[in-house]
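**Q** Predicted structure and sequence below. I'll ask about it afterward.
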Amino acid sequence: MMHVLLLAALLGADDKEALDAIDRFKQAYRAPAAPARATAVSELARTPHEKTLKTLAPFLTSDVSTVRIAAAKGMAAFGDFRKMALPILIGAMGPNQKDPDVVAAILESLGKIGDDTTLGVLYRNVEDKDEKVSTAAVAAVGEMKRTTSIEFLIEQIKKNEKVADAGNNGGGGYGAPGIPGGGGDPSRDRAKKMIPAIIKALQAITGEKWSTAKEWQIWWSRKRASFQGGK
């Protein structure tokens with residue numbers, strides 16, 4: 001009986017703490033400056049609770065980008081409420097598709113929460129054309145440290161090495177299609193930035209230090225059956 005009463009008291013304290021955090025948030029959010037509102041959102045997220053989650057969720061798709069980013073990053077603290085938090089995060093990606101900074105923040109939180117059900121979402125976004133989104137997705141995959149991601153990431157290095165190396169023997173720069181010397185090729189520029197990001201993710205998962213797709217392929221062909229790292 002005493003245990004039940006103690007548990008009830010603790011739960012009550014949690015509820016009160018959440019309600020107090022929401023009250024503070026409502027006061028702070030009245031600030032006219034966006035950075036102050038973003039800070040209010042971040043502070044609210046420091047008290048993970050079902051009630052604060054419900055209060056925080058709408059700000060993933062409302063207010064200015066700075067506030068939405070704060071809400072997205074704050075959701076990383078709600079791992080204990082992942083059954084509610086994950087659908088909210090994933091659902092907010094569509095409304096924010098024109099704001100890669102917000103999508104990147106959402107992906108970052110998915111990686112930190114670390115639920116296997118979100119790996120498919122992360123993998124799809126690794127191939128996003130926007131560098132901010134794709135590098136955030138890669139970092140999230142690395143954050144989760146799943147052995148099942150190794151082959152996918154090795155394939156991604158191969159793809160990006162192929163793009164990065166394209167035209168190396170053609171001379172000149174890249175600009176408009178068919179016009180040499182006109183500036184950088186966005187696809188090649190993206191690929192060159194993706195390769196180190198993917199390598200970093202692989203290193204986080206495996207503890208190895210290889211730097212090319214060929215080296216990773218050789219290592220993985222030897223270690224696939226016995227590798228015990230990750231999950």
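**A** It's in.

**Q** Quickly list the domain ranges of the protein.
**A** Structural domains annotated on the chain: 21-118, 145-226, as defined by automatic domain parsing.

**Q** any weak-confidence spans in the protein?
**A** Across the chain, the ranges flagged by pLDDT under 70 are 1-13, 167-183, 229-231.

**Q** Which one of the domains of the chain lies nearest to residue 133?
**A** Nearest to residue 133, of all the domains of the chain, is domain 21-118, at 5.0 Å by C-beta to C-beta. Quick note: C-beta positions are derived from backbone N, CA and C, even for glycine.

**Q** And the closest one, end to end?
**A** For domain 21-118, the first-to-last residue distance is 29 Å (C-alpha to C-alpha, to the nearest Å).

**Q** any idea how far that domain is from the chain center?
**A** Centroid displacement of domain 21-118 relative to its chain, using C-alpha atoms, centre = their mean, to the nearest Å, is 13 Å.

**Q** and what of stretch 145-161?
**A** That offset, for stretch 145-161, works out to 16 Å (C-alpha atoms, centre = their mean).

**Q** Next, the buried residues of that stretch.
**A** Within stretch 145-161, the residues that count as buried by 16 or more other C-beta atoms under 10 Å are 145-146, 149-150, 152-154, 156-161.

**Q** contact partners of it?
**A** With C-beta atoms under 8 Å, 6 or more residues apart in numbering as the test, stretch 145-161 has contacts from 116, 119, 123, 126-127, 138, 141, 191-192, 194-195, 198-199, 201-202, 204-206, 212-213, 216-217, 220, 227, 229-231.

**Q** Pull out the buried members of those residues.
**A** Listed as buried from the contacts of stretch 145-161 are 119, 123, 126, 138, 141, 191-192, 194-195, 198-199, 201-202, 204-206, 213, 216-217, 220; burial here means 16+ other C-beta under 10 Å.

**Q** Show me those that map onto helices.
**A** Cross-referencing the buried ones among the contacts of stretch 145-161 against helices under DSSP state H gives 119, 123, 126, 138, 141, 191-192, 194-195, 198-199, 201-202, 204-206, 213, 216-217, 220.

**Q** Residue 38 - nearest residue in space that isn't next to it in sequence?
**A** Residue nearest to residue 38 in three dimensions, not counting chain neighbours: residue 70, with 4.0 Å by C-beta to C-beta, 6 or more residues apart in numbering.

**Q** I meant to write residue 42 there.
**A** Closest to residue 42 by C-beta to C-beta, 6+ apart is residue 70, at 4.8 Å.

**Q** which element is the one you found on?
**A** Secondary-structure assignment from DSSP states H and E places residue 70 in helix 65-74.

**Q** neighbouring contacts of that helix?
**A** 34-35, 37-39, 41-42, 44-46, 56-57, 59-62, 89, 92, 96, 99, 101-102, 105-106, 108-109.

**Q** mind running it again at 7 Å?
**A** Applying C-beta atoms under 7 Å, 6 or more residues apart in numbering, the set of residues contacting helix 65-74 from outside is 34-35, 37-38, 41-42, 45, 56, 59-61, 96, 99, 101-102, 105-106, 108-109.

**Q** mind listing what's buried in it?
**A** Residues of helix 65-74 classed as buried: 66, 67, 68, 69, 70, 71, 72, 73, 74 (neighbour count, 16+ other C-beta under 10 Å).

**Q** Just the CA trace of the helix or strand just after it, in PDB.
**A** Later in the chain than helix 65-74, the nearest helix or strand by DSSP H and E is helix 82-91. Output of helix 82-91 as PDB, limited to C-alpha atoms (Å, rounded to 0.1, in the frame of the first residue of the first chain):
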ATOM      1  CA  ARG A  82       8.500   7.700 -28.500                       C
ATOM      2  CA  LYS A  83       5.200   6.100 -29.400                       C
ATOM      3  CA  MET A  84       3.700   9.600 -29.400                       C
ATOM      4  CA  ALA A  85       6.800  11.600 -30.400                       C
ATOM      5  CA  LEU A  86       7.900   9.700 -33.500                       C
ATOM      6  CA  PRO A  87       4.700  10.000 -35.500                       C
ATOM      7  CA  ILE A  88       4.600  13.700 -34.600                       C
ATOM      8  CA  LEU A  89       8.200  14.200 -35.900                       C
ATOM      9  CA  ILE A  90       7.800  12.200 -39.000                       C
ATOM     10  CA  GLY A  91       4.400  13.800 -39.700                       C
END
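
**Q** Okay then, goodbye and thanks.
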